[in-house]
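Chemist: The sequence and its predicted three-dimensional model are supplied below.
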Amino acid sequence: MASFGAYAKKNGIKYFLISFVDLFGTMRAKLVPATAIDQVAKAGAGFAGFAVWFDMTPAHADILVMADLDTANQLPWKPEVAWVTGDLMMDGKPVTQNPRQVLKRVIDDATKDGFEMKTGVECEYFLILPDGSAISDGFDTQGKPCYDQQALMRRYATITEICDCMITLGWGPYQNDHEDANGQFEMNWEYDSALKTADRHAFFKFMVKSIAEKHGLRATFMPKPFTNLTGNGCHAHVSLWSKGQNLFDDPKGELGLSTLGYDFIGGIMHSAAGLTAITNPTVNSYKRINAPPTLSGATWSPNTITYAGNNRTHMIRIPDGGRFELRLADGSANPYLLQASLLVAGLDGIRNKRDPGKRLDIDMYTQGHLAKGAKRLPLNLLDALRAFEKSDVIREGLGEDLAKSYLKLKHDDWNAYSRHLTDWERQTTLDC
Ligand SMILES: [Mg+2]
């Protein structure tokens with residue numbers, strides 16, 4: 001491809017955001033003027049790893065982001081800026097903690113077996129007040145607000161600006177709706193290869209927040225920002241392909257899913273507890289998956305390691321043939337580690353022919369007690385981190401370097417939370 005300079009000239013770019021996502025999924029960048037871009041792209045854009053969520057010290061050498069022009073997106077809402085990402089290097093070696101590089105390595109591993117994972121993600125978010133205290137639409141008070149046309153149209157300017165951006169970017173968006181919580185929305189675009197979807201997922205969060213801010217609002221992907229409302233899920237739809245063929249598609253298979261598909265699901269079920277440390281990576285995540293029913297009547301999130309047909313009360317749903325939906329992940333999941341851990345667990349299921357057991361066609365919210373032996377998902381981040389530590393599949397699949405660093409930083413996170421004195425403790429323990 002042409003040089004960055006030529007790309008800038010052709011597209012009228014004045015600045016480049018040279019960007020990457022750290023272990024906690026936070027997007028970091030340097031804003032580089034087009035006048036210096038060729039030089040910075042060649043040498044790499046430098047960052048101090050200790051200053052972001054990587055397990056590094058101030059004594060570490062610079063991380064260099066080697067911008068890859070193939071990843072460039074001209075910001076549709078600010079066309080003089082282009083966003084670009086790429087591999088991270090330190091002292092001439094790849095940074096093994098970088099989530100995007102981990103995903104690329106896992107994808108390479110799958111390619112050796114002849115598999116390509118394709119996924120779509122459903123990133124739910126709330127439009128809230130800039131100070132974060134409440135939803136932004138005071139009229140949005142319905143008990144069952146899902147698909148509320150009036151509330152959707154009150155946010156027409158924001159939603160359509162985001163959707164128009166996706167059309168410009170060529171993502172193939174096809175529907176937008178008001179979700180199950182007051183103030184909550186979801187926008188869907190076409191599924192694609194895991195890396196492309198991860199890049200888009202990361203960019204989507206940046207784009208939604210940016211456009212919400214432009215409209216005087218704030219967007220949050222926080223898993224459970226309001227205790228009485230449904231949380232922000234990030235459901236993933238998964239299929240495995242080879243030479244243009246969907247290998248999960250089998251009209252003769254149960255619910256239209258092939259044996260390979262069930263092996264993959266078996267792998268997810270086998271590693272689910274450890275996987276949760278990645279798909280639900282924050283303290284707050286467990287207030288979504290272990291929540292009591294919300295104002296609308298359901299949490300729409302799973303709390304057991306079970307699967308079903310077209311039934312949204314389980315961790316995995318098989319809505320129709322050729323794919324399944326993992327309903328576990330939430331809005332705080334790292335877009336790259338989400339895809340990488342899914343693929344790692346699924347490949348293990350295929351290689352070891354993991355049996356997912358019988359599907360459960362019951363309403364887990366009301367009949368969960370009938371599911372004898374159904375394993376519960378971790379109840380909190382600490383349980384999930386311990387399960388991750390014990391999961392050879394997930395740990396080794398993501399790489400011991402990544403696992404060690406991730407565990408260290410996430411345990412720090414948990415410890416910080418544990419030391420925090422809550423109002424609840426005062427209310428219940430002051431008079432002990
Ligand atoms: Mg949804």
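Modeler: Cool, the structure landed.

Chemist: okay, now Met315: neighbour count?
Modeler: For Met315, the tally of surrounding residues (other CB atoms under 10 Å) stands at 28. C-beta here means a position set from N, CA and C on the backbone, and glycine is covered the same way.

Chemist: which parts of stretch 80-96 are buried?
Modeler: 81-90, 95-96 (16 or more other CB atoms under 10 Å).

Chemist: same deal with stretch 163-183?
Modeler: 163, 165-166, 169, 171, 173, 176-183.

Chemist: for it, how far is the first residue from the last?
Modeler: By CA to CA, to the nearest Å, the extent of stretch 163-183 from end to end equals 17 Å.

Chemist: pLDDT weak spots in this protein?
Modeler: Across the chain, the ranges flagged by pLDDT under 70 are 1.

Chemist: And the helices in it, which stretches?
Modeler: For the chain, applying DSSP state H gives helices covering 4-11, 37-43, 99-112, 149-154, 156-169, 194-214, 259-279, 286-289, 335-351, 364-367, 381-390, 392-398, 400-418, 423-429.

Chemist: Can you lay out those as TSV showing distance to Asn303?
Modeler: Output for the helices of the chain, formatted as TSV (distance: least, CB to CB, whole Å):
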stretch	distance to Asn303
helix 4-11	47
helix 37-43	47
helix 99-112	27
helix 149-154	28
helix 156-169	31
helix 194-214	24
helix 259-279	11
helix 286-289	6
helix 335-351	19
helix 364-367	7
helix 381-390	13
helix 392-398	20
helix 400-418	20
helix 423-429	21
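
Chemist: do you know which of those lies nearest Tyr307?
Modeler: With CB to CB as the criterion, Tyr307 lies closest to helix 259-279 of those, at 6.0 Å.

Chemist: so which of the helices of the chain comes closest to Lys118?
Modeler: From the helices of the chain, taking CB to CB, the stretch that ends up closest is helix 194-214, at 7.0 Å.

Chemist: if we look at stretch 240-260, which residues are touching it?
Modeler: For stretch 240-260, the surrounding residues in contact (CB atoms under 8 Å, 6 or more residues apart in numbering) are 114-118, 238-239, 261-262, 264-265, 309, 318, 320-324, 346, 350, 359.

Chemist: One more pass at 7 Å, please.
Modeler: For stretch 240-260, the external contacting residues (CB atoms under 7 Å, 6 or more residues apart in numbering) are 114-118, 239, 261, 264, 309, 318, 320-324, 350.

Chemist: And the furthest pair within the residues you listed?
Modeler: Of all pairs drawn from those, the widest gap by CB to CB lies between Gly114 and Gly309 and measures 28.5 Å.

Chemist: which one of the two has more residues nearby?
Modeler: Looking at Gly114 and Gly309 with other CB under 10 Å, you find the greater number of neighbours at Gly309, namely 15 against 11.

Chemist: got the contact list for the more buried one?
Modeler: Contacts of Gly309 were listed using CB under 7 Å, 6+ apart, and they are 255, 318, 359, 361.

Chemist: Quick one, which of those are buried?
Modeler: Of all these considered here, the ones buried according to neighbour count by 16+ other CB under 10 Å are 255, 318, 359.

Chemist: so which of those residues comes closest to Ala110?
Modeler: Distance to Ala110, by CB to CB, is smallest for Ile318 among these, at 21.2 Å.

Chemist: so that closest one sits right up against Phe324, yeah?
Modeler: Yes - between Ile318 and Phe324 a contact is recorded at 5.0 Å, counting by CB atoms under 7 Å.

Chemist: Mind checking the helices of the chain for the one nearest to Asp22?
Modeler: Closest of the helices of the chain to Asp22 is helix 99-112, at 7.7 Å (criterion: CB to CB).

Chemist: Show me what counts as buried in stretch 248-261.
Modeler: Taking 16+ other CB under 10 Å as the basis for neighbour counts, the residues of stretch 248-261 that come out buried are 248-250, 253, 255-258, 260-261.

Chemist: Among those, which pair sits farthest apart?
Modeler: Checking the buried residues of stretch 248-261 with CB to CB, the most distant pair is Leu255 and Leu260, at 13.9 Å.

Chemist: And stretch 67-85, how far out from the chain middle?
Modeler: In terms of CA atoms, centre = their mean, to the nearest Å, the centre of stretch 67-85 is found 21 Å from the chain centre.

Chemist: what's it in contact with?
Modeler: Stretch 67-85 is contacted by residues 1, 4, 7, 11-20, 41, 45, 86, 100, 161, 165, 168-169, 199, 203, 210-211, 214 when judged by CB under 7 Å, 6+ apart.

Chemist: Gln74 versus Ile162, what's the distance?
Modeler: Spatial separation of Ile162 from Gln74 under the definition CB to CB, to the nearest Å is 16 Å.

Chemist: Neighbour count: those two, which is higher?
Modeler: Higher neighbour count among Ile162 and Gln74: Ile162, with 23 against 17, using other CB under 10 Å.

Chemist: Test my guess that that one contacts Met207.
Modeler: Yes - between Ile162 and Met207 there is a contact at 6.4 Å, judged by CB under 7 Å.

Chemist: picking up where we left off before, name the nearest of the buried residues of stretch 163-183 relative to Leu342.
Modeler: Of all the buried residues of stretch 163-183, the one with the least separation from Leu342 (CB to CB) is Trp171, at 20.2 Å.

Chemist: Quick one: residues contacting that closest one.
Modeler: Applying CB under 7 Å, 6+ apart, the residues near Trp171 are 189-190, 200.
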